[in-house]
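**Q** with the sequence up front, the predicted model follows.
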Amino acid sequence: MTYEEHAYQGAPVPPPGCPAHRAAGGPPGGGLLRLFGPEAEADPAGFYEKLRAEHGEVAPVLLHGDLPAWLVLGYSANLTAMRTPSRFSRDSRRWTEFREGRVAPDSPVLPVIAWQPTCSFVDGEEHRRLRVAVTDGLNRFDRRGMRRYVTRFSDQLIAEFGDSGRVDLVSQFAEHLPMLVMTQLLGMPEEYGPRLVEAARDLVKGTETSVASNEYVVESLRRTVERKRDEPGQDLITWLIEHPSGLSEDEVLEHLRSVLLAANETTINLISETLKMVLTDSRFRAHLSGGQMTLPDALDQVLWDSPPFMLVPGRWATGDTELGGQAIKAGDMLLLGVAAGNADPAVRPDLDTPLFGNRSHLAFGSGPHECPGQEIGRAIAESGIDILLTRLPDLQLSVEEDQLVWRGNWMSRHLTELPARFTPRAALQPQAAAPAAGAVPSNPSYPSTSRYPETAPTAPSAPYPSSSATAFGPSVPGPRTPATTPARTAPVPVAVAPPLPPAPPVVPPQRRGWWGALLARLRG
């Protein structure tokens, strides 16, 4: 995404009643730092520390359109905001900026802040009704079953580059594996998989085809939900439809879409950052080869140092209150500074001290909205990396570490590529499909020669074996729950899905933000 470059001097004076006019010890002249632009994107960690030094645990900041918000920087303050919905609600309709009409209709914050009928945007009894349906469904998957899918798709992806001796671990591995696995757990036809991978990445990259890609995701889910009502299976879609909580079709669809898009992105980041650590950090490489540190330990360290989301919007004050020494007014928005909280000197005085096995990080949230599918995301990342390192034991970075590039936005940072080399070997034969407990096996009636659905939308795709999946991240919050359950009944075959509508014409890519492109859907 391209961000406007704003000068920090001479910034517009925030409207009366915003944090700029109320924050104790605010910047001289009332000017606030923006969470977007060159300074915030180039060095997020340094930017957070600058705010912490000036304001303490909670800092007043500006979002796109100079909308005021509070960025929670302290570890303890983040836990307070996460764990007390009576003071800090998840219902974005409380936001003063919404109520007073100061949010522009094309604001790039709308797609992640505008209220939706999901458990992420409600509290109390309604949250419990929606939340239990999601957690009950996710808890029916077991780790061994998921590993079968991860093994299968990892081998397929490795087979694509196994003879070359070179690979970009971001674009050729991390960006594909989560979606390929998760769609199987949802019970979607395999032929949807490759295009869903491309559509999800197209949305994040913000091309002109992002609208068509979003329509493909929504239509794919809608048709699968319709089919599952008539032909249920052992999959998440069926379990959401049949749950006693009585989710409406819109509620089912919105939860599934949230999983496929936002959660896919978090697991991509987790895989990429962990691989980067394994390949560049001599401490971890030595520990791995010596057997002193496990891969789960490396994942925990990454979740402390490079959480998939640097900050998570948001919480809204239910009344006048205080947090971190700041006077918070009813209707103010809080942004949870996950990365800043993880680096709080109060809990981590020495950032170089390893945190093997310590899972008290903020990456998955805490309280009633803690991520419900975190164990699924970890399982996909851990198993996928383990299989990759087993298949390619001499894998090593092919560029200097200081040549690696990240692209960032106000919520997260992403490795653009992770070039690596290894000893070329004969192409691996993709492993035969192994049915995973709690998930629907692929339907042999789908043509195995077609790698993409005939009706795929416009964005170009690179060829690889068809299948699909995603993992869950902070965007689907809730209490931490185990991922293992007893064995279940035999899987039910998937019926052939009706064809999707013809693809829209290809539109030449234009550099506009994907947030703005998605507003057409948000406005109905």
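**A** Good, I have the coordinates. Numbers count the residues shown, from 1 in each chain.
**Q** how many other residues sit next to residue 228?
**A** The tally of other residues near residue 228 (other C-beta atoms under 10 Å) stands at 26. In short, each C-beta sits where N, CA and C put it, glycine included.
**Q** wait, I meant residue 424
**A** 12.
**Q** what about it, which SS state?
**A** Using DSSP: H, G, I helix; E, B strand; the rest coil, the three-state assignment for residue 424 comes out as coil.
**Q** who's in contact with it?
**A** 162-165 (C-beta atoms under 8 Å, 6 or more residues apart in numbering).
**Q** and the pLDDT at residue 436?
**A** pLDDT for residue 436: 44.
**Q** which one of the contacts of residue 424 is nearest to residue 253?
**A** residue 162 (38.1 Å; C-beta to C-beta).
**Q** doesn't residue 395 make contact with the closest one?
**A** No. Using C-beta atoms under 8 Å, residue 162 makes no contact with residue 395, being 11.5 Å away.
**Q** re the thing from before, now the two most distant members of the contacts of residue 424.
**A** 162 and 165 (8.6 Å).
**Q** who has more neighbours out of the two?
**A** Taking other C-beta under 10 Å, residue 162 and residue 165 do not tie; residue 162 has more neighbours (18 against 15).
**Q** excluding chain neighbours, what is closest to residue 113?
**A** Spatial nearest neighbour of residue 113, chain neighbours left out: residue 92 (5.2 Å); criterion: C-beta to C-beta, 6 or more residues apart in numbering.
**Q** distance of that neighbour from residue 99?
**A** 11 Å (C-beta to C-beta, to the nearest Å).
**Q** of these two, which one has the most company?
**A** Comparing residue 92 with residue 99 by other C-beta under 10 Å, the one with more neighbours is residue 92, at 22 against 11.
**Q** pLDDT at the more buried one, what is it?
**A** Per-residue pLDDT puts residue 92 at 95.
**Q** same check on the one 3 residues further on?
**A** For residue 95, the pLDDT comes out at 96.
**Q** what does residue 512 give?
**A** Turning to residue 512, the model gives it a pLDDT of 40.
**Q** how about residue 295?
**A** Model confidence at residue 295, given as pLDDT, is 84.
**Q** ok, residue 455 next?
**A** pLDDT at residue 455 comes out at 36.
**Q** can you give me the strands in the stretch 251-400 of the chain?
**A** Taking DSSP state E, counting those that start in this stretch as the test, the strands found in the stretch 251-400 of the chain are 312-317, 321-323, 326-328, 333-336, 396-397.
**Q** to clarify, my last question referred to the chain.
**A** 58-63, 67-72, 88-89, 166-168, 312-317, 321-323, 326-328, 333-336, 396-397, 406-408, 413-415, 419-421 (DSSP state E).
**Q** which one of these lies closest to residue 347?
**A** The closest of the strands of the chain to residue 347 is strand 67-72. By C-beta to C-beta, the value is 14.0 Å.
**Q** helices or strands next to the closest one in the packing?
**A** helix 19-22, strand 58-63, strand 333-336, helix 338-342 (3 or more C-beta pairs under 8 Å, 6 or more residues apart in numbering; DSSP states H and E).
**Q** the helices in the stretch 351-500 of the chain, which residues?
**A** With DSSP state H, counting those that start in this stretch as the criterion, the stretch 351-500 of the chain has helices at 374-391.
**Q** meant to ask about the stretch 201-350 of the chain
**A** Using DSSP H, counting those that start in this stretch, the helices of the stretch 201-350 of the chain run over 210-230, 236-242, 249-258, 264-280, 282-290, 295-305, 338-342.
**Q** ok, of those helices, where does mean pLDDT dip lowest?
**A** Per-stretch mean pLDDT for those is lowest at helix 282-290 (a mean of 63).
**Q** run a quick neighbour tally on the closest residue to residue 276 other than its chain neighbours.
**A** Excluding the flanking residues, the one nearest residue 276 by C-beta to C-beta, 6+ apart is residue 418, at 5.8 Å. For residue 418, the count of nearby residues is 24 (other C-beta under 10 Å).
**Q** mind checking the pLDDT average for stretch 353-364?
**A** Mean predicted confidence for stretch 353-364 is 90.
**Q** CA atoms of it as CSV?
**A** What follows is stretch 353-364, C-alpha atoms only, in CSV (Å, rounded to 0.1, in the frame of the first residue of the first chain):
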residue,chain,number,x,y,z
THR,A,353,17.6,-12.9,26.4
PRO,A,354,16.0,-16.0,24.8
LEU,A,355,12.4,-16.8,25.8
PHE,A,356,12.3,-20.4,24.9
GLY,A,357,9.0,-22.0,25.9
ASN,A,358,7.6,-18.7,27.3
ARG,A,359,4.1,-18.2,25.8
SER,A,360,3.0,-15.2,27.8
HIS,A,361,3.5,-12.9,24.8
LEU,A,362,0.6,-10.8,23.5
ALA,A,363,0.7,-12.1,19.9
PHE,A,364,-2.6,-14.0,20.3
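**Q** hmm, who's touching that stretch?
**A** Contacts for stretch 353-364 (C-beta under 8 Å, 6+ apart): 75, 78-79, 82, 283, 293, 296-297, 300-301, 303-304, 307-309, 336, 338, 341-342, 348, 370-371, 374, 473-474, 480.
**Q** how far does it sit from the chain's center?
**A** The chain centroid and the centroid of stretch 353-364 are separated by 18 Å under C-alpha atoms, centre = their mean, to the nearest Å.
**Q** that stretch: which residues count as buried?
**A** Within stretch 353-364, the residues scored as buried using 16 or more other C-beta atoms under 10 Å are 355, 361-364.
**Q** so who does residue 240 touch?
**A** Contacts of residue 240 (C-beta under 8 Å, 6+ apart): 133-134, 137, 247, 252, 255-256.
**Q** repeat the analysis, applying 6 Å as the threshold.
**A** Contact analysis of residue 240 by C-beta atoms under 6 Å, 6 or more residues apart in numbering lists 133, 137, 247, 252.
**Q** over to residue 89?
**A** Going by C-beta under 6 Å, 6+ apart, residue 89 touches 123, 316, 318.
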